[in-house]
Structures are given as C-alpha cells and as structure tokens.
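Enquirer: Got a sequence here, can you model it:
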Amino acid sequence: MITARAAASFDPVGRSVATARAFVRDTLQGWGYSDVVDDAVVLTSELVTNAVIHAGTSADVLCLRTEDGVRVEVADRYPEREVPIQGTGQSFGSPDRENGRGLLLCAALASRWGVEYTPTYKQVWFQLDLPQRQVGTRSAGPVLPTSLLPVADERVRVAVVQIDRTGTIVNWNVDAEHLFGYAAEQVTGKPLTDIAAWPHTPGIGTGIVEALQLSRWEGSYGIRGADGRVIPVYASHLRVRDTHGEPSTVCLLVRDDERAVIQTPLRAPVTDTSAESRSADPFEVFIGSPAPDDLDGLLQRTVERARDMLDGDSAFLLLATDDETELEVRASTGLPSARQRFARVPVEAGTGRYSSARMPAVHDDLTAVPGAVPLLNDTGMRSVVTVPLKVEGRLTGSLGVAAEGAARYSNEEALRLQFAADRIALAVESARLGELERLRRGSLSFLVEASDLLAGTLDRDQTLALMAQMTVPTLATWCAVYTIADQSSDPYLSYVLHEDEDRIDGLKALLSKIDPPDPVPAPGARIWTAPADAAHQAALRTSMRELGRSSSPVSSGIGTTLATAAAVGGETVVLPLVARNRVIGMLTLGKPSDDHFRQEILELAEDLSRRAALALDNARLYSERTAISQALQRSLLPPGLPQVPGVEVEVIYRAAGEGNEVGGDFYDLFPIRDGAYGFAIGDVCGTGPEAAAVTGLARHALRLLAREGFGGPAVLERLNAAILDEGARSRFLTLLYGELWPQEDGSAVLKVVCAGHPLPLRLRQDGTVEPAAEPQPLLGVMEDLELYEQVVTLNPGDVLLCVTDGVTERREGTRMLGDDGLADVLTACTGLTAGAVASRVLRAVERFAAEPASDDMAILAMRVPEPHTA
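Expert: Below you'll find the model as predicted:
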C-alpha cells in the first residue's frame, strides 16, 4: 500500500542530474528511510543521466513510499532506445561503459526493478526494501549475578538536553554540566552541532540534523567538552510536542561505557518451544540474546562479555585489514577508547610465537617485555591473553583480555577465550562485511557528488575550497591543502579548514611555522607527525611560561594554544595530489587528540584526492590559458589613444566569452605626421592564434605603411598582399581605414576606405544619419585589388560612428539589430559628446537581447565639437 508520494520533473540539462539526486535524498530522509538513501541516490543519478544527457529529453522522477520500502520511477520521452534484457543473450555490458550501466546497477542494488514502455515514453523503476529490524518493546531480563551486571560509576549521571525545531539547545540539566563542563547559560541558545562530534562516515548512519528530526533515535556520538576533548556518549532521542503543538527533541546522554543505563533492549524473536530449539546456541550463550544488529554494538558486547568471562580489567577487539597485514582497534572497554579507536598495529610484530596475532598468546607480565602489546602501553595493564578470530582459516581479527595484576592468565583461560572467539568470529565477519558494503555504497554516492562539484568549476581558488569542504567533516576534522607551482617551487600552504571555525586561524598559524610535507609521488596516505609534535611543543612552552607567571592572571593565549594542540593531536595523514604524472600538491587530513582514521576512510580520501588533483590541474591550465589569451588580446590593441586637437574620440571594446579565446576585432588611432592621424577598425575572421596573427600583422602594418607616406588605398593594397602571403594561415579581414585632418575652421576632413566592413555612419546636427563611405572588397581574398578613398568633411556638431559586425549582427531570436537599427539609435544621439554616443550605442546593443553577446564588439566614435563647447 502506498503511504506517500513525491514527484518532480527535470529539464534536459546537465545540472538536472545533481538536482534529481538532491530531490530523492531529501524526500527519503524526510520519510525516515535513511537506510536506503544512498542506493536510491546512485540509481536515480544513473537513470536521470541516461534521460537528460544521453537521450536528451526531460526526466520525470516519482518516489512512492510503502510500508516496507520505497519505489522510484524515472521516465523519459525517448522510448525507442534499446534496453538490455536478461535472458535474451544480450549482455548488460561493463560497469565502466555508459551503455546499460544504469540497468546493471538496478540489477545489483535493487530488490526488484523493471522497464515499462508506452508510445510516448519509457519508464525504469526500482524497489528498495527496508532492512528487517526487530521492533523494540517493553521487556524484562532475567536475574543475573552481580558480577555480570553492567559496570557504571558510583554516581550515574544522565544528561537531559532539549533541542527546539531549529536545532538550538533550550534546556541543559545539572548532570549535563557535570559531564561536559558547560554551564547552562554557556550553551543555551546555541546549536547542538557546535559541540556534537558526529561520526560523519559516508553511508554509515544518519546525519545529526536528520537524527534530530526522527521520532526516535539511539546511537553513539561524541560531545566536545569545555576542555576541548571529545567525550564518547550514548544517546537516546525522542521527538515530542508541547501543548501548543511546537515540536522539540529530548536527548538523554550518558557516557558510552554506561550505555546500558538508557539503551533500549530489542524484542527477542518469537522462539520455537520444541526441545530441538531449546538447545543452547554457543553464540547466544556468549553474546546474549538478542544479539546487537549493528557491528559496533556487536563488538562492544563482545569485549564486555570477554572481560567479564575472564574477570579482567579491560578487553579489546581488533579487526584485520583486507590484506591481513594490520589490525585496527574497533572496540575496547576499560581502556581510553577515544585514544585507541581505529589505531592500527601490525599482525606480525616480531619473529617469536607470541609476536603474531595469528596465534593465541599469554603474557604474564608486560613490564618484562615492553611493547609486546602496543595497544596496552602506558595503560597500567600487566597480564594479557589474546586469541585470533578466524573464518575459514583466514585471520579476521584479534580478541584480548588484560588485567592490572601479573600472571592472571594461563593456557586454560586462553582456551576459554579461543572457544568464545570461534563462536562469534563468523557473526563478526558477517556484520563487518555488511558495514563495508554500506560504506562502499555511501562512498560511491559521495564520490559521484564530489565529481560533479569539482567538474562544475575551473576557478583555482574555488576548487581548493571545494576540496577542503568535501573532506571536513565527512572524512576528517581538519584539512590543509598545499600546492606546488612547478618542479622547482616549494609546497605552499594554500587552504586550511577546520570543522570549528574558531580553530582555523590557530591551525593556519601552526602549519605556517613548520616545514611542509615532502612531495612524494607514491600513492596512498602516509603518516605526518610534524603538526602534532609542533603543537605539543608549543603547548608545553606556553604552559611553562604561565607557570612562571603564577602571580598573574592566566592569559587567553594559553587557551588558544592548548585548543590548537588538541585539534591536531590525533593522526595526521598526507595524500599526494598527482595529475599528469606530476605532484601538484598535497592533501593533508587530520584528527583531534588521540583519534585515528579508519582504513576505509583513507581509501576513500585517496580516491577523492585523485579526482581533486585532476580538477585542480585543469583549473591551473585554464587560468594559464586565460592569462595568455588576455595578454595576447591586450597586445593586439593600442596601449592608449592620442589626443586629437579639435576632435572628440571615444572607443569602447568588449570581448565576448570568458577570456579563453583571442578575439578578431581590433581598433587603432595613431599620429601619422603633423596635423594628420590614422584610424582603423577591423574584424578578422575567426578567433584563436591564427586570427591573432592576422590581427597583429594588420595593426602594425597599417602604422608602418601610413608613416611611410602611403595613402589609404595603397596601404590596404599592400596589407592585402601581406595577408595572402601567409598562405594557409591567412584569414580574410574586413577593415575601415582612414586619415583624419583637423582643420583650422573647426571642421575635420577624413579620407576613408571601407574594405568589406560595416559602413561608417555620419550623424549631422539636424539629426540625419547617412553612410559616410561606399562598400569595397574585403582583404585577404583576392589579389590585385583596386581600392579608392572617399573624402568626408565633419562640420562642428557632426559625429562619425564606426563599429564592427558584433554590433550590427546582434540577435534576439529571428530579430537582428542591423544597419537600420543602428541608424535609429544614432539618430537619437544629436548633441551628445563622442563618449555619450558610444555609451548609448553599447547600451542599446546590450538591451536588444537578453543573452550575453556571442561576438566581440568595437565602437569608435569621433565628433567635431561646436565652437561654444570646445
């Protein structure tokens, strides 16, 4: 049964793909279907891309909510496209090919999918079922011995925090003050996101904003205390409304190791009462029933039960990486979990039997073998027993229990722990693979959106900002981007970002004082300890200075220094930015004190760094090309205009496009000899280097020939021959060239030759407009031109207007400004100065059409002022 629907249509343009993804994501999160959001976004992205990009039609997206899942339908208007069908011998193709990839993903990700045709459209639909979850209910547990009860502090504190509909804290109880160090007046009125350290892993869990909108939510995250350290908490959120109908969210928070105080027990599944079903399951005997349905919960339950089973003081569980060379800490109890989480240790720590995580090991006294178990360094633990977790002979993890006393464990305890590890290994591996699959799907969605954003800009600074904003806080707590201009340059700190804006300046100052990381081209992330070491030394020096000033009040500087040290005190990694076989920079990611990166996050960051490097290099190449084009364009135009006595001159030049092509329009005004000036306005066919070469040839040849004493026809005939001599590189040229002779009586005489160019227009004082020359053949096409010049006299108040075809050929649909339209504009310019005439013509051209001009424009206006205005 359909319980809700949402629909939208998207135009056949590239940006519609990102808009469709956002529509589906917002719709499903609004319905509370976060578990299937990533799969739905990936499938929608592919299907809408097929419609608007490949088919070139609009796309209609319909989301239908049912009780057990969601159905998404994507329709386009191109029903004739061939669709691969299973069972017909036709292949779906490769995932790396565009053709058929959307349907291949549907087959891999969707619960059900299909294609429907009508005479006017084709529709692809897919169904995503919600994962089966046991429903929470009131329950009672059995009576347990005191030794098996959850451990809590003598004074259990439950923080009660109320959040209004905008995400702002409105209530903060006394226990919250004790747990996190903030008085109520310090946090009331601030967003919860200011102090929440949310585990923002792509594809895993729900974002904090979404979690606050759900009717109920339970899980783990962190609260950043007043001292800057992150306190792991377990939270239970309940969405309520007051008597006026105003919604808010009540959050109950306890320390993560005391989660049992508020954790909701899951309803046990209906069991069979037969004798066979009553036989004990070894897994349930160890873990308890029901087992947690998420990996973190299962691992945490495992270490707690292992610790209690061997009466230890602490326990830990590590999972192996895919290559079985390292183990990653995933759960612990009785240890500083915030410091240890995601830390990595080698599987083979030495050559001895007890140096390999592949075999059970018992250490009677760790003080006798320092470093034997790196995880327990400086924890006070002396004896430890560790056993491997194996599935089908493959190492998948390691489980350990430690005690503060020496010689607490023997081979008998190792056998008991190994028996328990064998019982839970398969369940742990299954849960790990499920988490990894969700993470990979989330990573795919993350990379799709990241690629779209990076491809959407060619601005270097914006690309740098996007790189940092995509990594913080999704992948890291802080990020720094170093760039390398060329092989001989040192890395330069170009961008710094921290999830807490108040930490950015301190972080930037710290990184500016230390040497940048070495630009090593080897792929993969490498550890960089310099920021943490420098921050630690700075905090130590500041603390010593403050101790020496014990009689003086504590300065604010120590707080900033300590906060910066905490911000960079965790693991820091460097990923090279390699594009076109050259290291163009480094992407640096960091965690706060004692935090580590997950291996999957580092792999995702490496994939992002490759995309970001190419985008950054493309932006660099585009900037260089634009700068070269603009410099070349400027070199083809005169550096300045001379002052012509008795004549007002105004030039307006507008190059079309984004500056990445050299235009073909040019103009010039230069002195020939005493009392005579040459002027020209021309347009070379095409754009780019070939057009630029002809433009440069024309402008410089005009000056040289005119100053050698040649008249207008002779100048253009020789220029025509020079253009034809260029052979295949030549371009035809329209040119208006003339000589200007100011007269003593206030008038000006012009000798004009118009070679294929829009005719100059003369505006008289009485408002009449007429052509000031006759058309003649353009240059660069025929040899042996016979040109002639025409004499025009401008009386006081007259205007001569010369333009390129970018003005007269301005279009709006089927309409064109044309020569008549330009003449109408000029008619209304009687009495205006040359500058005002040029500006009014430009304004009329710009207003003629809504779209930006697609061709270069040059406007040259000359006016002989009236005596009383001279």
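Enquirer: rest of the way, CA atoms for contacts and neighbours
Expert: OK.
Enquirer: which regions of the stretch 101-250 of the chain lie under the pLDDT threshold?
Expert: By pLDDT under 70, the low-scoring segments of the stretch 101-250 of the chain are 101-102, 132-144, 147-148, 198-207.
Enquirer: Strands of that one, start to end?
Expert: Remark: strands assigned in the stretch 101-250 of the chain by DSSP state E, counting those that start in this stretch are 112-117, 122-129, 159-164, 169-172, 196-197, 216-224, 230-241, 247-255.
Enquirer: CA atoms only: put the host helix or strand of A722 into CSV for me.
Expert: For A722, the host element (DSSP states H and E) is helix 712-724. The C-alpha coordinates for helix 712-724 follow below in CSV (Å, rounded to 0.1, in the frame of the first residue of the first chain):
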residue,chain,number,x,y,z
GLY,A,712,44.8,54.8,-47.8
PRO,A,713,44.3,52.7,-51.0
ALA,A,714,48.0,51.9,-51.2
VAL,A,715,48.2,51.0,-47.5
LEU,A,716,45.3,48.5,-47.8
GLU,A,717,46.5,47.0,-51.1
ARG,A,718,49.9,46.2,-49.6
LEU,A,719,48.3,44.9,-46.4
ASN,A,720,46.1,42.6,-48.7
ALA,A,721,49.3,41.2,-50.3
ALA,A,722,50.9,40.6,-46.9
ILE,A,723,47.8,38.6,-45.7
LEU,A,724,47.8,36.5,-48.8
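Enquirer: tell me which strands and helices that helix is in contact with?
Expert: Under the contact definition 3 or more C-alpha pairs under 8 Å, 6 or more residues apart in numbering; DSSP states H and E, helix 712-724 sits against helix 689-707, strand 733-742, strand 748-755.
Enquirer: Kindly calculate the angle that that helix makes with helix 689-707.
Expert: Helix 712-724 and helix 689-707 are oriented at 150 degrees to each other (axes from the mean of the first three to the mean of the last three C-alpha atoms, to 10 degrees).
Enquirer: who's in contact with helix 712-724?
Expert: Residues from elsewhere that reach helix 712-724 (C-alpha atoms under 8 Å, 6 or more residues apart in numbering): 694, 697-698, 701-702, 705-706, 730-732, 737-739, 751-753, 779-781, 783-789.
Enquirer: Would you show me how to pick out the buried ones of those in PyMOL?
Expert: Those of the contacts of helix 712-724 that count as buried under 16 or more other C-alpha atoms under 10 Å are selected in PyMOL with:
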select buried, resi 694+698+701+702+705+706+730+731+732+737+738+739+751+752+753+779+780+785+787+788+789
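Enquirer: Do me a favour and average the pLDDT over the helix or strand containing E429.
Expert: In this assignment (DSSP H and E), E429 forms part of helix 411-455. Across helix 411-455, the average pLDDT comes to 84.
Enquirer: C-alpha coordinates for the following helix or strand past that helix, CSV please?
Expert: Counting by DSSP H and E, the next helix or strand C-terminal to helix 411-455 is helix 460-471. The C-alpha trace of helix 460-471 is given here as CSV (Å, rounded to 0.1, in the frame of the first residue of the first chain):
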residue,chain,number,x,y,z
ARG,A,460,41.5,27.5,-8.8
ASP,A,461,40.5,29.1,-5.5
GLN,A,462,37.0,27.7,-5.7
THR,A,463,38.5,24.2,-6.4
LEU,A,464,40.7,24.5,-3.4
ALA,A,465,37.8,25.5,-1.2
LEU,A,466,35.7,22.6,-2.5
MET,A,467,38.5,20.1,-1.8
ALA,A,468,38.6,21.1,1.8
GLN,A,469,34.8,21.4,2.3
MET,A,470,34.2,17.9,0.9
THR,A,471,36.7,16.4,3.4
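Enquirer: other SSEs contacting helix 460-471?
Expert: By 3+ C-alpha pairs under 8 Å, 6+ apart, helix 460-471 packs against helix 411-455, strand 478-483, strand 492-498, helix 599-635.
Enquirer: Name the stretch among those that sits most buried.
Expert: strand 478-483 (a mean of 24; mean count of other C-alpha atoms under 10 Å).
Enquirer: Measure how it sits relative to strand 492-498, angle-wise.
Expert: With the same axes, to 10 degrees as the basis, strand 478-483 and strand 492-498 are set at 160 degrees to each other.
Enquirer: Convert strand 478-483 to CSV, retaining C-alpha atoms only.
Expert: Provided in CSV are the C-alpha atoms of strand 478-483 (Å, rounded to 0.1, in the frame of the first residue of the first chain):
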residue,chain,number,x,y,z
TRP,A,478,40.6,19.4,9.7
CYS,A,479,42.2,19.7,6.3
ALA,A,480,45.1,21.6,4.7
VAL,A,481,45.9,21.8,1.0
TYR,A,482,49.5,22.5,-0.2
THR,A,483,50.1,23.4,-3.8
